[in-house]
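J.: Here is my input, please return the structure:
(chains A and B)
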Amino acid sequence: KAGVTQTPRYLIKTRGQQVTLSCSPISGHRSVSWYQQTPGQGLQFLFEYFSETQRNKGNFPGRFSGRQFSNSRSEMNVSTLELGDSALYLCASSGGQGGGSSYNEQFFGPGTRLTVL
Amino acid sequence: EDQVTQSPEALRLQEGESSSLNCSYTVSGLRGLFWYRQDPGKGPEFLFTLYSAGEEKEKERLKATLTKKESFLHITAPKPEDSATYLCAVQSLYSGSRLTFGEGTQLTVNP
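T.: Numbers count the residues shown, from 1 in each chain, chains lettered A, B, ... in the order given. Take a look at the predicted model:
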């Protein structure tokens, strides 16, 4: 079974630009969550999408947005990039068809390393 | 607000020297406590989910336990390939799939 895939793996942008990151969840998973990881703040929750609807949102400014498509693939967008947005962006999928205790298990992709210059 | 504190921040062991990592948490209704392993530059790798106090799970040299306030990750006879950052996270009953992570314990196992 293929794991979570994220594209691109690396990205370099300049301040003021915008960026779109993509995540393909494990087949059959319906929930996709996004996290930002930095050395100073650790892993911080951005938002979660389930069946194309945002179900939960973390404490990030409105420059961070996302969406989910009918095939559960998700994208996140960051507009007007700032230097502090440099981070590893991770997506995680969960909510497989099996149900039970494994339903909540979240599996992470390899991440997209975003550098803002 | 859900909170997770991990200790120690860093741990150096000799190969074969067993030890434990600690994860203390406060959460408004625990749905699950998760352990992950993360290697540099990679995404976290799922290890265990624990759901209720008293539960234990094992995988190779790792054993995770859960009480009402903390979890322990016991590493028995570690090998150099166990070197990684170990992350603990909690999931609340009231916040969907959202995970709240601790800062992690960076484990180094010397041969």
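J.: is it fair to say A:Tyr103 lies in a helix?
T.: Yes. Using DSSP: H, G, I helix; E, B strand; the rest coil, the secondary structure at A:Tyr103 is a helix.
J.: What count of nearby residues applies to it?
T.: A:Tyr103 sits with 15 neighbouring residues when counted by other CB atoms under 10 Å in any protein chain shown. Glycine gets a C-beta too; all of them are placed from N, C-alpha and C.
J.: my guess is it meets A:Ser94, correct?
T.: Yes. Assessed by CB atoms under 8 Å, A:Tyr103 is found in contact with A:Ser94 at 7.0 Å.
J.: Would you map the strands across chain A?
T.: A:5-7, A:10-13, A:19-24, A:31-38, A:42-50, A:53-57, A:64-68, A:74-78, A:87-94, A:107-108, A:112-116 (DSSP state E).
J.: which stretch among those comes nearest B:Val27?
T.: Across the strands of chain A, B:Val27 has its closest neighbour in strand A:42-50 (13.7 Å, CB to CB).
J.: Which strands and helices lie in contact with that closest one?
T.: strand A:31-38, strand A:53-57, strand A:64-68, strand A:74-78, strand B:99-101 (3 or more CB pairs under 8 Å, 6 or more residues apart in numbering or on different chains; DSSP states H and E).
J.: Could you check how many residues crowd around A:Ser70?
T.: Neighbours of A:Ser70 (other CB under 10 Å): 7.
J.: Please give me every residue in contact with the closest residue to it other than its chain neighbours.
T.: Leaving aside its sequence neighbours, A:Ser70 sits nearest to A:Glu52 (CB to CB, 6 or more residues apart in numbering or on different chains; 6.4 Å). Going by CB atoms under 8 Å, 6 or more residues apart in numbering or on different chains, A:Glu52 touches A:67-70.
J.: coming back round to it: will you turn the strands of chain A into a markdown table that also has mean pLDDT, mean neighbour count and distance to B:Lys68?
T.: Below are the strands of chain A laid out as a markdown table (pLDDT from 0 to 100; neighbours: other CB atoms under 10 Å in any protein chain shown; distance: least, CB to CB, whole Å):
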| stretch | mean pLDDT | mean neighbour count | distance to B:Lys68 |
| --- | --- | --- | --- |
| strand A:5-7 | 97 | 16 | 36 |
| strand A:10-13 | 98 | 13 | 42 |
| strand A:19-24 | 98 | 20 | 34 |
| strand A:31-38 | 96 | 24 | 26 |
| strand A:42-50 | 95 | 22 | 24 |
| strand A:53-57 | 92 | 14 | 25 |
| strand A:64-68 | 97 | 19 | 34 |
| strand A:74-78 | 98 | 21 | 35 |
| strand A:87-94 | 96 | 25 | 24 |
| strand A:107-108 | 96 | 22 | 27 |
| strand A:112-116 | 98 | 18 | 37 |
